[in-house]
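Participant: from the sequence below, what's the structure:
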Amino acid sequence: MEQGYEAVIGLEVHVQLRTRTKMFCACPNAYGGEPNRRTCPICLGLPGALPTLNREAVAFVLRLGEALGAEIAPQSAFYRKQYFYADLPKGYQITQGPVAVVMGGSLEVPGDPAVRGGAGPIVARIERAHLEEDAGKSSHGAEPDRSWVDLNRAGVPLVEIVGAPDLRSPQEASDYFKALHQLVTWIGICDGNMEEGSLRCDANVSVRKVGATAFGVRAEVKNLNSFRFVKQALAFEIQRHIRVLESGGTLLPETRGFDPASGETHAHRSKEGAVDYRTFPEPDLPPLRITPSEVSQARAALPELPAARRVRLLGFGLGPDEVATLLQSRTFADYFDALARACGDPKAACSWMLGEVSRLLNAEGGSLEAFGVCPEALGELIRLVLDRKLGLPAAKEIVLPAMRAGEGSAAEIVLRKGLAQVQDRGAVVEAVKAVLAAHPDQVGQIRAGKESLKGFLVGQVMKAGKGKLDARTVNEVLAEELTR
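Facilitator: Below you'll find the predicted structure:
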């Protein structure tokens, strides 16, 4: 780190849960819509309205706790954290108190070799994950003298994941945020749509001299909703801290906002301590008690987690970068697994997933659900190529588009269009001899050492065979004929 300083970073990640209703009422939990329509006396905090805990939200946070390897508290409680802002209709937020339902746990993330002196993963500790409700949404700037408040989001279930100060660079913080995004979407508790605010974080950062053990003065950068913004905001904030310290100034504990346009942070307010919130127990909600049966159900609801699947896919002989791309989402990874089983060749399945399938998805801006070909059907197509019954160009350019258009199975399309590769080696020999006779100059140059022209002759043979000749057999026969 510059000038002998070390950054100390911890993220507080807010995860909107994919429940059907809000945290303490029956209002729909959905994004958008006409402002202030998905509200009721409970989420508006009207006198006499009593909250009721959403048990689906509890099941989701238990699932998260199991995925993080955390301890599940058998009993926790809800508290009122009081502060006054226009988008908080009750004047307080219902959150969990000193004991959260999820305590401890960890997440493995890539270590930043630029600050750690070597590559390799690090284990970032989780301090706790607790349930709370979201606030409404404020909009500023549309009119110079007023702001707008939409309370549709008020009361939406959140789990706040409080990370320990184990991160040492903006890159590590961004990677940690990515890892949590992957995890919560993978286990199905959050849609991960950061543009809609489903996942956002507050970044706590301080700096200290390398070798020091005491923490420096901490600033909190609020409401970062992209991996890139986390990196940019922390990079600026670290340099700001160092500049202040090196100039003999005094850092203040404060919350700050980030302006993506300028890449700079700006002060919001002095940072509150716990006493400033005047937190006290929520009188309208009983303690949250978790039974062993609920924990078992949460554990059973977990799919194979990304870390375990990464190890398994590496065992197929795939490269780390290939595996990382296959694990970009659970849907993509599940499709790959089914495709590998269907075609019987994980490496071939990976090649198609990262090649033709990804190319089509990117070009069309679609999803695997809209791809139109199930993994079993695509596996049949790949098997035809592997068995040398169909050429790869014809598979990609003719058969796959026809399958997506609903024209039948791979085998049916190959038969109907007459695309089956010629299995007769004698026919290949005849085609090769004809091409060699038609191109004596190129043959002479190859025999004189110009090996690069072999590709030209292979292309001519494949063209003469109208794509029905097996490329491997063509190469074998061509090599034999050129040595005669």
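Participant: residues in contact with Arg278?
Facilitator: Gln82 (Cβ atoms under 8 Å, 6 or more residues apart in numbering). Placement of C-beta: from N, CA and C, glycine included.
Participant: next one: the closest residue in space to Gln442 that isn't next to it in sequence from Leu478, what distance?
Facilitator: Counting by Cβ to Cβ, 6 or more residues apart in numbering, Leu453 is the residue found nearest to Gln442 once chain neighbours are left out, at 4.9 Å. Applying Cβ to Cβ, to the nearest Å, the value for Leu453 to Leu478 is 11 Å.
Participant: neighbour count: the two, which is higher?
Facilitator: Shown here are Leu453 and Leu478; by other Cβ atoms under 10 Å, Leu478 has more neighbours (22 against 16).
Participant: helix or strand: which one has that one?
Facilitator: helix 471-482 (DSSP states H and E).
Participant: for Glu108, same thing?
Facilitator: Going by DSSP H and E, Glu108 is in strand 106-110.
Participant: give the buried residues for that strand.
Facilitator: For strand 106-110, the neighbour count (16 or more other Cβ atoms under 10 Å) marks Ser106, Leu107, Val109 as buried.
Participant: doesn't Thr95 lie inside a strand?
Facilitator: Yes - residue state for Thr95 (DSSP: H, G, I helix; E, B strand; the rest coil) corresponds to a strand.
Participant: thought it was touching Tyr79?
Facilitator: Yes - the pair Thr95 / Tyr79 is scored as a contact, 6.0 Å apart, by Cβ atoms under 8 Å.
Participant: just for this protein, where's the confidence low?
Facilitator: Filtered on pLDDT under 70, the chain yields the residue ranges 1-2, 119, 271-276, 423-424, 466-467.
Participant: all strands for the stretch 151-300 of the chain, in order.
Facilitator: Applying DSSP state E, counting those that start in this stretch to the stretch 151-300 of the chain gives strands spanning 157-163, 199-209, 219-224, 254-259, 264-270, 280-281, 288-289.
Participant: how about a markdown table for those, with mean neighbour count and distance to Leu384 added?
Facilitator: A markdown table is the format used below for those (neighbours: other Cβ atoms under 10 Å; distance: least, Cβ to Cβ, whole Å):
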| stretch | mean neighbour count | distance to Leu384 |
| --- | --- | --- |
| strand 157-163 | 24 | 47 |
| strand 199-209 | 23 | 42 |
| strand 219-224 | 20 | 48 |
| strand 254-259 | 18 | 53 |
| strand 264-270 | 13 | 57 |
| strand 280-281 | 12 | 67 |
| strand 288-289 | 15 | 56 |
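Participant: can I get those in JSON lines with distance to Glu6?
Facilitator: Putting the strands of the stretch 151-300 of the chain into JSON lines (distance: least, Cβ to Cβ, whole Å) gives the following:
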{"stretch": "strand 157-163", "distance to Glu6": "17"}
{"stretch": "strand 199-209", "distance to Glu6": "6"}
{"stretch": "strand 219-224", "distance to Glu6": "16"}
{"stretch": "strand 254-259", "distance to Glu6": "20"}
{"stretch": "strand 264-270", "distance to Glu6": "19"}
{"stretch": "strand 280-281", "distance to Glu6": "38"}
{"stretch": "strand 288-289", "distance to Glu6": "38"}
